[in-house]
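**Q** Give me a model of this one.
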Amino acid sequence: MRYKSTRGGTATQDNYYSFEDALFSGYAPDGGLFVPASLPSIGREKEQYSLWANMTFPELVYDVLRKFIAPTEIDDTNLKSICDQSFPADAFDEECYIPIKDVGSSLHIAELFHGPTFCFKDFGMRPVINLLSYFATLRNQPITLLVSTTGDTGPAAVHAVNDASNPLLTILVHYPHGQISDFQRKQLTTLQSKYVKVASFEGGGDDMDWPIKETLLSSKKDNGRKESEGGRLFCGINSYNIGRPLFQMTLFIWIYLRMAEKMGLSPGDENSLIDMVLPTGAMGNLTGAYMAKQMGIPIGRLYCGVNINDITHRVIDRGEFHQQKIEKTLSEALNVEVPYNFERILFYLSGGNE
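**A** Alright, predicted model coming up:
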């Protein structure tokens, strides 16, 4: 499996990237976002659905991700170990990882808050951190992760980095002062770890995105020299990093399988679609769900729930994509006016037209 930029023009061998390259780059060199060069087709493969339906969550993550990471980059043994390490049973307070509760005759809620930081970001962040730790050790190269958070991403990231406890892997997290919940601020600022630094900034949740992007893109100019010398690299792990939507995609495959089981459907039946409603900020979860749908998972409509910072609604409803002042809300983690992954969604909606 190779990766390319959403802005990559005509696909050639020169502008394809390995999974490791895409993971460490965050943004593509041209400022676009990485996507798989092609999505594997699951469609009507009944045998595949039968196998998946009987797997544990870590087993499912491994089997799905094996389709996106070449064995020459990570062999089966190490990839399985990373998946198991990312989802230890004792770190999640539900044996099934994602319990699904009935709230009506045809309405169900998938609870994604049973991880170490009580947030769905644990599912995407922990394996990304563990993959970066694996590659850092393989390279024997120090890596500093850069993160901007409105509440969910930061705690999941710092706790995953702390759990990895790799001297080669450190993280610097930025959050907007007074604009994340007290609980999540304490998750960030009370963690005593030599691998973690946290700083607040004045402004809205999106205001650190551009400085971080500029830092990452400018640092790429020196990456060749730094890699040969073993110098420190910077890597961004907000959801513009392809690792995030790839791992979050597995959530929706798992949820689909559990819903098919609950409703007595034949897994993979394209005549029995399941609609899903997603709280939406930077569109990372939406991208993961849409990628699963594009692979042939029988997902019907995807509904995006937003708060008053509603750029996702405005762009879908009226074609307006411009930043407005972020308003403070009770759902701080959704206070986003520049969703990174809109570019990936647009890429897929336009048929992969860069």
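**Q** Dead centre of this protein: give me the residue that sits there.
**A** The centroid of the chain falls nearest to residue 244 when counting by CA atoms, centre = their mean (1.9 Å).
**Q** That one in helix, strand or coil?
**A** With DSSP: H, G, I helix; E, B strand; the rest coil as the basis, residue 244 sits in helix.
**Q** if I look at it, how far off is residue 7?
**A** Distance, residue 244 to residue 7, by CB to CB, to the nearest Å: 19 Å. Placement of C-beta: from N, CA and C, glycine included.
**Q** Could you do residue 303 as well?
**A** 28 Å.
**Q** quick one: which of these two has more around it?
**A** The neighbour comparison of residue 303 against residue 7 (other CB atoms under 10 Å) goes to residue 7, with 15 against 11.
**Q** residue ranges of the strands in the stretch 251-354 of the chain, please?
**A** Here the stretch 251-354 of the chain has its strands, by DSSP state E, counting those that start in this stretch, at 274-279, 299-305.
**Q** And the shortest one, what does it pack against?
**A** If I follow you right, that is strand 274-279. Applying 3 or more CB pairs under 8 Å, 6 or more residues apart in numbering; DSSP states H and E, one finds that strand 274-279 contacts helix 243-263, helix 284-294, strand 299-305.
**Q** want to try a markdown table for the ones you listed, with mean pLDDT and distance to residue 327 as columns?
**A** Converted to a markdown table, the helices and strands packed on strand 274-279 look like this (pLDDT from 0 to 100; distance: least, CB to CB, whole Å):
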| stretch | mean pLDDT | distance to residue 327 |
| --- | --- | --- |
| helix 243-263 | 95 | 25 |
| helix 284-294 | 95 | 21 |
| strand 299-305 | 94 | 16 |
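**Q** To residue 77, which of these lies closest?
**A** The closest of the helices and strands packed on strand 274-279 to residue 77 is helix 243-263. By CB to CB, the value is 19.2 Å.
**Q** Just the CA coordinates for the closest one, please, in PDB.
**A** Only the C-alpha atoms of helix 243-263 are listed here, as PDB (Å, rounded to 0.1, in the frame of the first residue of the first chain):
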ATOM      1  CA  GLY A 243      -2.900   7.400  10.900                       C
ATOM      2  CA  ARG A 244      -5.800   9.000  12.700                       C
ATOM      3  CA  PRO A 245      -8.600   8.500  10.200                       C
ATOM      4  CA  LEU A 246      -7.200   5.100   9.300                       C
ATOM      5  CA  PHE A 247      -7.500   3.800  12.800                       C
ATOM      6  CA  GLN A 248     -10.800   5.600  13.500                       C
ATOM      7  CA  MET A 249     -12.100   3.800  10.400                       C
ATOM      8  CA  THR A 250     -11.900   0.500  12.300                       C
ATOM      9  CA  LEU A 251     -14.400   1.900  14.800                       C
ATOM     10  CA  PHE A 252     -17.100   2.100  12.200                       C
ATOM     11  CA  ILE A 253     -16.400  -1.400  10.900                       C
ATOM     12  CA  TRP A 254     -16.700  -2.700  14.400                       C
ATOM     13  CA  ILE A 255     -19.900  -0.700  15.100                       C
ATOM     14  CA  TYR A 256     -21.400  -1.900  11.800                       C
ATOM     15  CA  LEU A 257     -20.600  -5.600  12.700                       C
ATOM     16  CA  ARG A 258     -22.100  -5.200  16.200                       C
ATOM     17  CA  MET A 259     -25.200  -3.500  14.800                       C
ATOM     18  CA  ALA A 260     -25.700  -6.200  12.200                       C
ATOM     19  CA  GLU A 261     -25.400  -8.800  15.000                       C
ATOM     20  CA  LYS A 262     -27.900  -6.900  17.200                       C
ATOM     21  CA  MET A 263     -30.400  -6.500  14.400                       C
END
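**Q** Buried residues, that helix. List them.
**A** For helix 243-263, a neighbour-count test (16 or more other CB atoms under 10 Å) marks 243-260 as buried.
**Q** Could you list the residues in contact with stretch 317-325?
**A** Applying CB atoms under 8 Å, 6 or more residues apart in numbering, the contact partners of stretch 317-325 are 204, 206, 309, 311, 314, 315, 337, 338, 342.
**Q** one more time with 10 Å
**A** With contact meaning CB atoms under 10 Å, 6 or more residues apart in numbering, stretch 317-325 is reached by 204, 206, 308-315, 336-339, 342, 346.
**Q** From start to finish, how long is it in a straight line?
**A** With CA to CA, to the nearest Å as the measure, stretch 317-325 spans 19 Å from end to end.
**Q** quick one: low-confidence parts of the stretch 201-350 of the chain?
**A** Along the stretch 201-350 of the chain, the parts satisfying pLDDT under 70 run over 220-230.
**Q** go again using 90 as the cut-off
**A** 203-232, 280-283, 307, 309-313, 315-340 (pLDDT under 90).
**Q** List phi and psi for residue 178.
**A** Dihedral angles of residue 178 (phi, psi; degrees, to the nearest 10) stand at phi 80, psi 10.
**Q** those helices in the stretch 1-150 of the chain, which residues are they?
**A** Taking DSSP state H, counting those that start in this stretch to define them, one finds helices in the stretch 1-150 of the chain at 19-25, 46-53, 57-65, 76-86, 121-139.
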